[in-house]
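# could you work out the structure for the sequence below:
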Amino acid sequence: MTETSFTDLLAGLSRTADGALQTVIPPGWMQGRTTYGGLTAALCHEAAVSIAEGMPLRAVQVVFVGPSGGEVKMTPSLMRRGKNTAFVSVDLTGPQGLAARALFTFGKHRESDYQISDMPMPNGLPGPERTSPMFSGERSGPHFTQHFDMLLAEGQPPMSQATKSIIGLWLRHRDRTGPVSPTSILALADAPPPAIMSMFTAPAPISSMTWMAEFLTEDLSTQDGWYFARHIAQTASDGYSSQSMSLWSRDGRPILVERQTIAIFA
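Model prediction:
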């Protein structure tokens with residue numbers, strides 16, 4: 001069976017009479033019984049940009065309400081547009097109803113006297129040429145991971161009984177035929193497994209509940225498609241984990257900062 005690439009998936013989006021986008025999620029983009037969360041956010045962004053009038057994306061908050069798969073529809077709604085900003089909500093619905101709600105903040109570039117960047121990439125990391133795949137041999141990831149190159153540069157993979165809940169990965173789309181955009185970055189940034197899973201002693205279900213991301217630059221380019229992602233589980237209690245996530249270009253430019261709440265069933 002030929003898998004649908006990310007570029008082909010976006011090209012297959014169709015617009016409905018009410019201005020929404022719709023598509024069918026292929027099995028290869030599923031994470032268990034639901035659509036991979038990064039793709040969910042990416043599809044919602046594609047619906048939002050149609051009413052953002054070309055403003056760059058600055059931030060997104062996504063709530064994963066329920067499972068989705070098969071036929072899905074992304075319905076955008078303009079919450080407010082000002083001189084320099086626009087706020088857009090998008091509901092993604094599937095056969096079982098509302099599956100995700102995303103809030104996008106867009107903002108035009110403005111000149112400012114203040115330019116601060118205090119988010120250095122970790123030192124001493126092996127480059128992509130000297131790291132091994134996260135999923136290989138006996139370790140296999142969810143279906144959607146086939147669409148990404150994920151190389152473990154820091155920490156340990158899931159189910160390693162690790163003593164520290166941290167994962168550092170070199171990431172890139174295997175399909176790099178399309179342009180680099182906020183949509184492609186959103187589809188990539190959520191690909192790593194939650195950092196808490198490094199401490200698992202055996203496979204166990206997990207479920208993303210919320211995901212928040214802030215874009216730190218309009219320049220999303222990088223060398224050879226590689227980005228470095230670092231995920232740290234800062235707390236885990238009562239069946240939930242809260243983690244911080246960061247994404248850099250290969251040359252160390254900050255691209256995203258993120259937070260995520262995850263339900264763990266172990």
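# where along the stretch 51-200 of the chain do the helices fall?
Assigned by DSSP state H, counting those that start in this stretch, the stretch 51-200 of the chain shows helices spanning 182-189.
# now the strands for it?
Per DSSP state E, counting those that start in this stretch, the stretch 51-200 of the chain carries strands over the ranges 57-64, 70-81, 85-94, 97-107, 132-133, 148-155, 166-173.
# pick the most buried one from these.
strand 166-173 (a mean of 23; mean count of other Cβ atoms under 10 Å). For the C-beta atoms, the positions are set from N, CA and C on the backbone; glycine is no exception.
# sheet partners, orientation included, of it?
For strand 166-173, the paired strands and their directions (DSSP bridges) read strand 148-155 (antiparallel), strand 227-237 (antiparallel).
# which one of those lies closest to residue 179?
strand 227-237 (15.2 Å; Cβ to Cβ).
# buried residues in the closest one?
227, 228, 229, 230, 231, 232, 233, 236 (16 or more other Cβ atoms under 10 Å).
# now the fourth one: how far from residue 92?
Residue 230 sits 28 Å away from residue 92 when distances are taken as Cβ to Cβ, to the nearest Å.
# and what of the second one?
If you measure residue 228 against residue 92 using Cβ to Cβ, the figure is 29 Å.
# out of the strands paired with strand 166-173, which comes closest to residue 20?
strand 148-155 (27.3 Å).
# angle of that closest one against helix 182-189?
Relative orientation of strand 148-155 versus helix 182-189 (axes from the mean of the first three to the mean of the last three Cα atoms, to 10 degrees): 50 degrees.
# do me a favour and average the pLDDT over stretch 63-71.
Mean pLDDT, stretch 63-71: 95.
# same check, this time on stretch 191-210
Stretch 191-210 comes out at a mean pLDDT of 95.
# what does stretch 31-41 give?
Here the average pLDDT along stretch 31-41 is 94.
# what's the spacing between that stretch and its chain's center?
Taking Cα atoms, centre = their mean, to the nearest Å, one finds the center of stretch 31-41 at 10 Å from the center of the full chain.
# mind listing what's buried in it?
Neighbour-count burial for stretch 31-41 [16+ other Cβ under 10 Å]: 31, 34, 35, 36, 37, 38, 39, 40, 41.
# need the residues you listed in a markdown table (columns: distance to residue 73 and secondary structure).
Listed next are these as a markdown table, based on distance: Cβ to Cβ, whole Å; DSSP: H, G, I helix; E, B strand; the rest coil:
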| residue | distance to residue 73 | secondary structure |
| --- | --- | --- |
| 31 | 19 | strand |
| 34 | 15 | strand |
| 35 | 12 | strand |
| 36 | 17 | coil |
| 37 | 17 | helix |
| 38 | 19 | helix |
| 39 | 14 | helix |
| 40 | 12 | helix |
| 41 | 15 | helix |
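# in a markdown table: the residues you listed, plus distance to residue 115.
A markdown table is the format used below for the buried residues of stretch 31-41 (distance: Cβ to Cβ, whole Å):
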| residue | distance to residue 115 |
| --- | --- |
| 31 | 38 |
| 34 | 40 |
| 35 | 38 |
| 36 | 35 |
| 37 | 32 |
| 38 | 30 |
| 39 | 33 |
| 40 | 33 |
| 41 | 28 |
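# of those, closest to residue 194?
Out of the buried residues of stretch 31-41, the member with the shortest distance to residue 194 (by Cβ to Cβ) is residue 37, at 10.7 Å.
# quick one, what contacts the closest one?
Residues in contact with residue 37, defined by Cβ atoms under 8 Å, 6 or more residues apart in numbering, are 31, 62, 64, 190, 208, 211.
# same thing but at 7 Å, please
If you count contacts by Cβ atoms under 7 Å, 6 or more residues apart in numbering, residue 37 has them with 31, 64, 190, 208, 211.
# could you export those as a markdown table, including distance to residue 6?
Below are these laid out as a markdown table (distance: Cβ to Cβ, whole Å):
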| residue | distance to residue 6 |
| --- | --- |
| 31 | 15 |
| 64 | 20 |
| 190 | 13 |
| 208 | 19 |
| 211 | 18 |
